[in-house]
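>>> no sequence on this one, just coordinates:
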């Protein structure tokens, strides 16, 4: 079956603009995760969804970042008033039920560049 | 909060066995140890997971001592295509990947 998909694959924007990043998880996966990865760095956890609810949004770096998930499927990560330090690869992952030990399946990421 | 520590980088040659050790001193009783591999410009992918002793699959082996405060990922007979970043993950209340180990394989 299809894996996790993300769009766009690349996004260049100007400082101060808003951006929306989309994630389509594997069908039937109830858990969805967003991470951020700066160049040459490890993964930084942003937010976790179980169904449409976000029981853990502790990793969102500021109130400019928000995310939602609808229909227990597609998720959108929105960054308002983008800053240059927001430039990074944004990775989405999904897992079947969100149990701690479950394998997470990652998408290819969205590369965001804020000029 | 279980935190992992692993070497920043390692180098090896084709055909060698590579062992990457991860320390997780504060691992909780119900935590498993999971390793992911990440190639450039791709998302991480699952390699192996274990709770104690030894686990082996077609890709790697995972050795976990009795105290579970560390684990070692073993890659047999590496090739150039094994050049990647390897993450050790102990899934506690937070999902922490850390910086990983950048493995470089040379001909």
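Arrived safely, thanks for sending. Given the structure is predicted, the values throughout are model-derived calculations rather than measurements.

>>> contact partners for residue 80?
No chain specified, so I'll use chain A. With contact taken as Cβ atoms under 8 Å, 6 or more residues apart in numbering or on different chains, residue A:80 is in contact with A:18, A:64, A:65, A:66. Bear in mind the C-beta positions are built from the backbone N, C-alpha and C, glycine included.

>>> to clarify, I was referring to chain B.
By Cβ under 8 Å, 6+ apart, the contact list for residue B:80 reads B:14, B:105, B:106, B:107.

>>> wait, which of the residues you listed is closest to residue B:29?
Of all the contacts of residue B:80, residue B:105 has the smallest distance to residue B:29: 36.0 Å, by Cβ to Cβ.

>>> can you tell me the element that closest one falls in?
For residue B:105, the host element (DSSP states H and E) is strand B:101-106.

>>> buried ones in that strand?
Using 16 or more other Cβ atoms under 10 Å in any protein chain shown as the test for burial, strand B:101-106 gives B:101, B:102, B:103, B:105.

>>> with stretch A:29-47 instead?
For stretch A:29-47, burial by neighbour count (16+ other Cβ under 10 Å) applies to A:29-37, A:42-47.

>>> can you report phi and psi for the closest residue to residue B:25 other than its chain neighbours?
Take residue B:25 and drop its neighbours on the chain: the residue closest to it by Cβ to Cβ, 6 or more residues apart in numbering or on different chains is residue B:69, 5.0 Å away. The phi and psi values for residue B:69, taken as degrees, to the nearest 10, are phi -80, psi 0.

>>> ok, now which ones touch residue B:69?
If you count contacts by Cβ under 8 Å, 6+ apart, residue B:69 has them with B:23, B:24, B:25, B:27.

>>> go on, residue A:49?
Contacts of residue A:49 (Cβ under 8 Å, 6+ apart): A:31, A:32, A:33, A:67, A:69, A:75.

>>> quick check, nearest of those residues to chain B?
Closest approach to chain B among the contacts of residue A:49 (Cβ to the nearest Cβ): residue A:33, at 6.7 Å.

>>> would you say that closest one is within a strand?
Yes: applying DSSP: H, G, I helix; E, B strand; the rest coil, one finds residue A:33 inside a strand.

>>> make sure it is actually in contact with residue A:102.
No: at 10.7 Å, residue A:33 does not count as touching residue A:102 under the criterion of Cβ atoms under 8 Å.

>>> between these two, what contacts are shared?
Shared contacts of residue A:33 and residue A:102 (Cβ under 8 Å, 6+ apart): residue A:95.

>>> residues of chain B that sit close to chain A?
Residues of chain B lying close to chain A (Cβ under 8 Å from any Cβ of the partner chain) are B:30-32, B:34, B:36, B:41-46, B:49, B:87, B:91-92, B:94-100.

>>> out of those residues, list just those in strands.
Those of those mapping onto strands are B:34, B:36, B:45, B:46, B:49, B:87, per DSSP state E.

>>> report the beta-bridge partners for the residue nearest the centre of chain A.
Residue closest to the average C-alpha location in chain A (Cα atoms, centre = their mean): residue A:34, at 3.3 Å. Note on residue A:34: beta-bridge partners by DSSP bridges are residue A:47, residue A:92.
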